[in-house]
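1. any chance you could fold what I've pasted below:
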Amino acid sequence: MGLPASGQIQRNIDSAYRHFYYAGFIQDDWKVNSRLSLNLGLRWDAETGNMERFNRQILGLDFNAASPIAAASGLPLKGVPQFAGLNGAPRQIVGTDKNNWQPRIGLAYKVGEKWVLRGGYGLYFVGSDESGSSAGFSQTTSAVVSDPNNSLLPYPGMSLTNAFVAYPNSKLLDPVGASRGTSSFLGESVAAYLQNRALPYTHQYSFDIQRELPGGMLAEVGYGGNSSRNVLLGYGLNYIPASEMGKATFTSAGNVDASYYTTQVPNPMKGLIPNNPGMNGATISRVALMYAYPQMGVSLNSIPLGRNQFHGANFKVTKRFTHGLSFLAAYSIGKNLRQIRSLNSQDFGGLTNWQNTTLVKESDQNIDTPQKFVLAGIYELPFGKGRPYANNVPGIVNQIIGGWQWNYNVTYQKGWVVDYPNAPQTTAGSAKLDNPTYTKVFDTSKWAGAKVPNTTYFYRTFPYLFSDVRRPGYKNWDTSLSKYFPIHESLKLQFRFEMVNMFNHPWFNDTQSTDVNNALFGQLNPTQRNLPRFIKLAMHLNW
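-> Numbering: from 1, shown residues only. Now for the predicted structure:
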């Protein structure tokens, strides 16, 4: 009794990263004539890679250097960890991209007395601020609480005052840092960074036509878009080579027999990776030896591969505040697409041909809203002193009926795309339903008899997201009614009556399951994702 069941002490470093971001710009507004005005600009940015004050970060791997266990294993193993500032390695996690020139131009052209054309273009670079791992420079010491000869007994001499007697002189483990050199992280995982990567950038462009209308209103029709390039992605480099894919077989019951990959074979790295018993034994799975770096886990980050694209049309009417009324009504139609992932690991182009990586073009989920309508405004009720109606009522009556203001914010928008099921369709055609229900978001009969494929040993051939099946749209009304009661000079009391989701429209924006074998497959998740109707009464004293 009174002995610890577990325990650990972490000796973590306090990282001291730093990097610099330089920027400069010039800009000029040029009124060409009475009709045409131009805004011209040029900006330059440069971001240095992160440095750690004492070089306590891992840059990644020297992919061309032979592993220290290559000769002993007889395998052509490549990859040696690189520590910042050691053996000629740079201190910065990535290099500095110095050619980030960003032109901007805007124009306004007065076509007629009440017509204006506006347009603009800008190129924008985006900082990334990557930091290397500090693995090895921190250390966790876990208490050994059981007798190695009898796990039912506590470790001899262990107590609440010292749970680490299993270690020599009860001394906590020291961080190894870079002391193991080229042998660091054997049997572990290392994240590498593309040193000379370019920064992500975005082209933004727009064109609008504005028309002044009677009643202090302005109508606007416009187009807006942006194209993002060099979005930084990461890929794991240990995957089954394309030449070895699809060699699993099927049993008579139709199940996958992966024995070709999982069969234990003699381990050429036996005894060379003591930190990982699973990789240090006499045998190892055949698939582990197929990887490019069987001696460790390796990923490559900061690969400037990804893309995003948006195109949209906007229709807007704005009314300036006159006669107690102001509002903004906007309707937009748009499409957001992205390319930030691959269907299969084998789609990665490789260390030297990463530009040839195959990416999936799909909806930018949780952003892609094809249609959206917003109406927001203020209306002062026309009753009481200074208003069109009942403006001569006695003071007490005016205090009751006058000075009220109504605020409203209305949003209607289409839903986001639905995740694609975990199996390909057995019947071709769109699964979109004209009238989806809570129990059937899409046509699940397209997957009748479908079996979930093994995408570890076989290629994935179906998408991650639907292109045309969407979740229920969002409908929301927020409103408030308020009034100020003057008390004395600058002292006044405000009463507010607020309603969030006034009509109590529930928003269900998830499916229960995309698993074709699940009884809830294709059904809507009944968990409400927005606030139910919320009513608040408040008094504010202002002075």
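
2. please make it C-alpha for all contacts and neighbour counts, starting now.
-> Fine.

3. for stretch 226-246, C-alpha coordinates in CSV please.
-> Extracted in CSV, the C-alpha atoms of stretch 226-246 (Å, rounded to 0.1, in the frame of the first residue of the first chain):
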residue,chain,number,x,y,z
ASN,A,226,-8.3,34.0,-56.2
SER,A,227,-5.8,31.4,-57.2
SER,A,228,-3.5,30.1,-54.5
ARG,A,229,-0.3,28.2,-55.5
ASN,A,230,2.6,26.5,-53.7
VAL,A,231,0.4,25.5,-50.7
LEU,A,232,2.8,23.6,-48.4
LEU,A,233,2.1,19.9,-48.1
GLY,A,234,3.7,17.0,-46.4
TYR,A,235,4.0,13.3,-47.5
GLY,A,236,5.2,10.2,-45.8
LEU,A,237,8.0,8.5,-47.7
ASN,A,238,7.6,5.0,-46.4
TYR,A,239,5.0,3.4,-48.6
ILE,A,240,4.6,0.2,-50.6
PRO,A,241,6.3,0.7,-54.0
ALA,A,242,3.9,0.8,-57.0
SER,A,243,5.5,-2.4,-58.3
GLU,A,244,4.5,-4.2,-55.1
MET,A,245,0.9,-3.0,-54.9
GLY,A,246,-2.0,-5.3,-55.5
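
4. ok, and for that stretch, which residues are buried?
-> By 16 or more other CA atoms under 10 Å, the buried positions in stretch 226-246 come out as 226-232, 234-235, 237-240, 245.

5. which of those fall in strands?
-> Among the buried residues of stretch 226-246, the members found in strands (DSSP state E) are 226-232, 234-235.

6. stretch 341-355: which residues count as buried?
-> 341-348.

7. determine which two of these are furthest apart.
-> The most widely separated members of those, counting by CA to CA, are Arg341 and Gln346 (11.8 Å).

8. quick check: neighbours shared by these two?
-> Shared contacts of Arg341 and Gln346 (CA atoms under 8 Å, 6 or more residues apart in numbering): none.

9. which residue ranges form the helices in this protein?
-> Applying DSSP state H to the chain gives helices spanning 70-73, 259-262, 277-280, 395-401.

10. okay, now the unreliable bits of the stretch 1-150 of the chain?
-> Where the stretch 1-150 of the chain drops to pLDDT under 70, the residues are 1-2.

11. where in the protein is pLDDT low?
-> Counting by pLDDT under 70, the chain shows low-confidence ranges at 1-2.

12. one more pass at 80, please.
-> Confidence mapping of the chain against pLDDT under 80 gives the ranges 1-4, 147-152, 172-173, 275, 399, 488-489.

13. who does the longest strand along it pair up with?
-> As assigned by DSSP E, the longest strand anywhere in the chain is strand 297-322. Looking at strand 297-322 with DSSP bridges, its partner strands are strand 189-193 (parallel), strand 217-236 (antiparallel), strand 325-339 (antiparallel).

14. which residue lies farthest from the center of this structure?
-> Of all residues in the chain, Pro394 has its C-alpha farthest from the mean position, at 59.7 Å, by CA atoms, centre = their mean.

15. any idea how far that residue lies from Pro274?
-> Note on Pro394: its distance to Pro274, by CA to CA, to the nearest Å, is 92 Å.

16. and the strands in the stretch 101-250 of the chain?
-> 115-125, 139-142, 146-147, 150-154, 189-193, 201-213, 217-236, 249-250 (DSSP state E, counting those that start in this stretch).

17. residues touching Asn222, list them.
-> I think there's a mix-up here, since residue 222 is Gly and not Asn. 206-209, 313-315.

18. could you do Ile487 as well?
-> Each residue near Ile487 by CA under 8 Å, 6+ apart is listed here: Leu493.

19. what's the spacing between it and Asn391?
-> Ile487 is 20 Å from Asn391, by CA to CA.

20. and Tyr223, by the same measure?
-> When Tyr223 is compared with Asn391 (using CA to CA), they lie 46 Å apart.

21. what of Glu220?
-> Separation of Glu220 from Asn391 (CA to CA) stands at 36 Å.

22. these two: which has the busier surroundings?
-> Neighbour count, other CA atoms under 10 Å: between Glu220 and Asn391, Glu220 has more, with 18 against 15.

23. please name the nearest non-neighbouring residue to that one.
-> Nearest residue to Glu220 in three dimensions, chain neighbours excluded: Gln210, at 4.4 Å (CA to CA, 6 or more residues apart in numbering).

24. any idea what the one you found is bridged to?
-> In this entry, Gln210 is beta-bridged to Val116, Glu220, by DSSP bridges.

25. that one: neighbour count?
-> Using other CA under 10 Å, Gln210 is surrounded by 19 other residues.

26. list the contacts for it?
-> Shown in contact with Gln210 (CA under 8 Å, 6+ apart): 115-118, 218-221.

27. check which residues of stretch 3-19 are buried.
-> 4, 17.

28. mind checking the end-to-end distance for it?
-> Using CA to CA, the distance between the terminal residues of stretch 3-19 is 47 Å.

29. outside of it, which residues touch it?
-> Contacts for stretch 3-19 (CA under 8 Å, 6+ apart): 47-54, 56, 129, 131, 137-145, 154, 158-160, 163, 175.

30. quick check, distance from it to the centre of its chain.
-> Centroid displacement of stretch 3-19 relative to its chain, using CA atoms, centre = their mean, to the nearest Å, is 28 Å.

31. make residue 1 into 8 and carry on from there
-> Done: numbering now begins at 8, and the last item shifts to stretch 10-26.

32. the residue lying closest to Ala383 once chain neighbours are set aside: neighbouring residues, count only.
-> The spatially closest residue to Ala383, leaving aside those adjacent along the chain, is Asn416, at 4.3 Å (CA to CA, 6+ apart). When neighbours are defined as other CA under 10 Å, Asn416 has 19 of them.

33. correct me if wrong: Asn416 contacts Val381.
-> Yes - shown here, Asn416 and Val381 form a contact pair, counting by CA atoms under 8 Å, at 7.4 Å.

34. OK, contacts around Asn398?
-> 390-392, 405.

35. cutoff 6 Å now
-> Residues in contact with Asn398 (CA atoms under 6 Å, 6 or more residues apart in numbering) are 391-392.

36. ok, now how distant is it from Lys392?
-> To Lys392, Asn398 is 4 Å away according to CA to CA.

37. also Ala255?
-> Distance from Ala255 to Lys392, counting by CA to CA: 84 Å.

38. what does Leu225 give?
-> Separation of Leu225 from Lys392 (CA to CA): 30 Å.

39. residues near Phe61, how many?
-> 12.

40. grab the nearest non-local neighbour of it.
-> Closest residue to Phe61 in three dimensions, ignoring its sequence neighbours and counting by CA to CA, 6+ apart: Ala23, at 7.9 Å.

41. phi first, then psi, for the one you found.
-> phi -130, psi 80 (degrees, to the nearest 10).

42. please name the nearest non-neighbouring residue to Asn373.
-> Nearest one to Asn373, counting by CA to CA, 6+ apart, is Trp423 at 5.8 Å.

43. phi and psi next, for the one you found.
-> For Trp423, the backbone dihedrals are phi -80, psi 160 (criterion: degrees, to the nearest 10).

44. residues in contact with stretch 115-130?
-> Contacts to stretch 115-130, defined as CA under 6 Å, 6+ apart, come from residues 42-44, 109-114, 209-219.

45. what about that stretch, how long is it end to end?
-> This stretch, stretch 115-130, spans 19 Å end to end (CA to CA).

46. and what of stretch 263-276?
-> Span of stretch 263-276 from end to end, CA to CA: 29 Å.

47. that stretch: how far from the chain's middle?
-> The chain centroid and the centroid of stretch 263-276 are separated by 36 Å under CA atoms, centre = their mean.

48. stretch 494-512 too?
-> Chain-centre distance of stretch 494-512: 37 Å, with CA atoms, centre = their mean.

49. circling back: now the buried members of the contacts of stretch 115-130.
-> 43-44, 109-114, 209-219.

50. look up how far Ile340 lies from the nearest residue to Leu350 once chain neighbours are set aside.
-> The spatially closest residue to Leu350, leaving aside those adjacent along the chain, is Arg467, at 6.2 Å (CA to CA, 6+ apart). According to CA to CA, Arg467 stands 32 Å off from Ile340.
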